[in-house]
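In: only geometry, no sequence info:
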């Protein structure tokens with residue numbers, strides 16, 4: 001399935017990030033945590049996350065988005081949100097700095113989000129990377145150190161204080177000049193097509209008739225990859241010779257055959273699991289792409 005990494009899955013992948021075992025609702029309203037990057041993974045997979053993250057990156061690496069990348073070759077602040085998928089590839093052994101991650105409920109707790117709509121954290125299409133000098137690095141590091149100390153305190157209102165520290169980092173970034181050195185991938189169509197094909201394949205197999213396909217159209221995939229649908233289709237057509245819609249249809253048809261042949265789900269259940277609201281629509285789709293009805297395909301497999 002199209003996958004968005006949850007906080008639980010992130011902690012399973014990076015267990016040292018939650019060595020203290022903070023609960024998912026530890027902040028009362030939402031979740032907040034802060035931890036050192038000293039044991040940062042060499043690679044982080046390309047995906048969306050269901051949480052926000054602010055990173056002070058001290059170490060070199062490459063930050064990949066769907067059709068562009070930026071080399072992190074000096075200390076930087078990175079703001080990640082649940083909308084934009086990305087991956088990280090470290091290129092130096094030394095990886096230091098800090099992370100803090102939190103849910104939308106945490107940042108919204110005091111209804112202060114309106115004042116941050118133009119911040120690097122919430123602004124869609126904005127530049128999420130800010131290179132910082134030594135003075136800025138020490139100022140931001142000091143805030144993160146205060147966050148880490150506060151996480152271990154018994155102060156009754158510590159999460160309000162942590163929220164204020166977070167706002168302080170955001171406002172410090174808003175005063176900075178964002179990085180302007182994003183590069184297009186040398187072969188952007190190939191990269192976008194590869195990401196699309198990987199995302200398409202991750203949706204299968206379907207394991208339950210109650211588990212409906214989430215991404216059904218070219219627009220769905222474009223939105224998930226954070227690229228324009230026309231750009232996705234041009235890239236896919238250039239690389240494969242087929243449209244995005246054709247490849248989606250082929251994969252759904254392949255899965256439909258497998259479900260009809262290897263499960264005892266009725267045709268309505270197969271239709272629903274593949275994203276069809278009504279069995280009649282599935283019948284029309286399947287016959288158009290195979291020349292036979294789903295019932296006939298099942299009979300022939302027996």
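Out: Structure's in. What do you need? Worth saying up front: this structure is predicted, and the values here are computed from it rather than measured.
In: point out where the stretch 151-300 of the chain drops to low pLDDT.
Out: Applying pLDDT under 70 to the stretch 151-300 of the chain flags residues 180-186.
In: quick one, helices of it?
Out: All helices of the stretch 151-300 of the chain, identified by DSSP state H, counting those that start in this stretch, fall at 158-174, 188-202, 218-225, 229-240, 244-262, 267-273, 279-290, 294-301.
In: just so I know, which of these lies nearest residue 77?
Out: helix 158-174 (5.5 Å; C-beta to C-beta). C-beta: built from backbone N, CA, C; applies to glycine.
In: picking up where we left off before, looking at the helices of the stretch 151-300 of the chain, which is closest to residue 127?
Out: helix 158-174 (10.4 Å).
In: show the contacting residues for the nearest residue to residue 201 once chain neighbours are set aside.
Out: Distances taken as C-beta to C-beta, 6 or more residues apart in numbering put residue 251 closest to residue 201, at 7.5 Å, once the chain neighbours are dropped. Shown in contact with residue 251 (C-beta atoms under 8 Å, 6 or more residues apart in numbering): 200-201, 203-204.
In: any chance of the residues you listed in a markdown table, with neighbour count and distance to residue 147 too?
Out: A markdown table is the format used below for the contacts of residue 251 (neighbours: other C-beta atoms under 10 Å; distance: C-beta to C-beta, whole Å):
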| residue | neighbour count | distance to residue 147 |
| --- | --- | --- |
| 200 | 18 | 40 |
| 201 | 9 | 39 |
| 203 | 21 | 38 |
| 204 | 15 | 41 |
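In: tabulate the residues you listed (a markdown table), appending distance to residue 281.
Out: Listed next are the contacts of residue 251 as a markdown table, based on distance: C-beta to C-beta, whole Å:
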| residue | distance to residue 281 |
| --- | --- |
| 200 | 20 |
| 201 | 24 |
| 203 | 19 |
| 204 | 20 |
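In: and the residues you listed, which is closest to residue 219?
Out: Distances from residue 219 to the contacts of residue 251, taken by C-beta to C-beta, are shortest for residue 200, at 13.9 Å.
In: that closest one and residue 269: what is the separation?
Out: 22 Å (C-beta to C-beta, to the nearest Å).
In: repeat for residue 292
Out: For residue 292, the distance to residue 269 - C-beta to C-beta - is 19 Å.
In: in terms of neighbours, single out the busier of these two.
Out: Between residue 292 and residue 269, residue 269 has the larger neighbour count (other C-beta atoms under 10 Å), namely 16 against 13.
In: for the more buried one, which non-adjacent residue is closest in space?
Out: residue 209 (3.6 Å).
In: neighbours of that neighbour, how many?
Out: Using other C-beta under 10 Å: residue 209 sits among 17 other residues.
In: separation between it and residue 234?
Out: From residue 209 to residue 234 the distance is 36 Å (C-beta to C-beta).
In: between helix 158-174 and the one helix or strand residue 135 maps to, find me the angle.
Out: Per DSSP states H and E: residue 135 is located in helix 134-151. Following axes from the mean of the first three to the mean of the last three C-alpha atoms, to 10 degrees, one obtains 170 degrees for the angle between helix 134-151 and helix 158-174.
In: and helix 134-151, what's buried?
Out: Of all the residues in helix 134-151, those buried under the rule 16 or more other C-beta atoms under 10 Å are 136-137, 140-141, 143-144, 147, 151.
In: what is the neighbour count of the residue lying closest to residue 4 once chain neighbours are set aside?
Out: In this structure, residue 4 finds its nearest non-sequential neighbour in residue 48, 4.3 Å apart by C-beta to C-beta, 6+ apart. Counted with other C-beta under 10 Å, the neighbours of residue 48 add up to 19.
In: now swap in residue 288 and tell me
Out: Residue 288 has 10 nearby residues by other C-beta under 10 Å.
In: next: residue 164.
Out: 13.
In: please report the distance of it from residue 26.
Out: 17 Å.
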